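S.K.: Have a look at this fold, sequence not included:
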């Protein structure tokens, strides 16, 4: 499945961004969304194990630290493309996330900006010649 994911990722990145009204463009957009859903839901596993100072590090990458060295490996799990059936649910969930972010962050930013202007009533814009 990793090869399939790599193929979809490559094709999504090389496809023209302009909507030409074709079915191929629409299909690519759906595939891009499926890849994004998959990336959003994947897991990254990092394993560290102590290694001896005199052990050869040619086989595995090593992270040096002040007291010891650690061999490590990194794996990405759950890279199966998400099914088409989950698109409506994920789309609604993404909409809720964006809406919540917009309400909370924008409200917070607006409150901070109004406080700044209240603290300093002189908001004169001064232009200098360069």
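M.R.: Okay, I see it. Note that the structure is predicted; figures quoted are calculated from it, not measured.

S.K.: So the chain: which segments form each domain?
M.R.: Following automatic domain parsing, one finds the domains of the chain at 1-41, 43-77, 83-121.

S.K.: what about the chain, any weak spots by pLDDT?
M.R.: Applying pLDDT under 70 to the chain flags residues 1-17, 53-60, 64-66, 109-130.

S.K.: what residues are up against residue 47?
M.R.: With contacts defined as C-beta atoms under 8 Å, 6 or more residues apart in numbering, residue 47 is in contact with 72-75. Bear in mind the C-beta positions are built from the backbone N, C-alpha and C, glycine included.

S.K.: Among those, which one sits closest to residue 41?
M.R.: Nearest to residue 41 among the contacts of residue 47 is residue 75, at 15.4 Å by C-beta to C-beta.

S.K.: which residue sits closest to the closest one, ignoring its sequence neighbours?
M.R.: Of all residues not flanking residue 75 in the chain, residue 45 sits nearest, at 4.6 Å (C-beta to C-beta, 6 or more residues apart in numbering).

S.K.: same check, this time on residue 77
M.R.: That would be residue 43: by C-beta to C-beta, 6+ apart, it lies 4.3 Å from residue 77.

S.K.: Give me the neighbour count for that neighbour.
M.R.: Using other C-beta atoms under 10 Å, residue 43 has 9 neighbouring residues.

S.K.: My understanding was that it contacts residue 79; is that so?
M.R.: No - using C-beta atoms under 8 Å as the test, residue 43 is too far from residue 79 to be in contact (9.4 Å).

S.K.: where along the chain do the helices fall?
M.R.: Under the criterion DSSP state H, the chain contains helices at 2-14, 23-41, 87-119.
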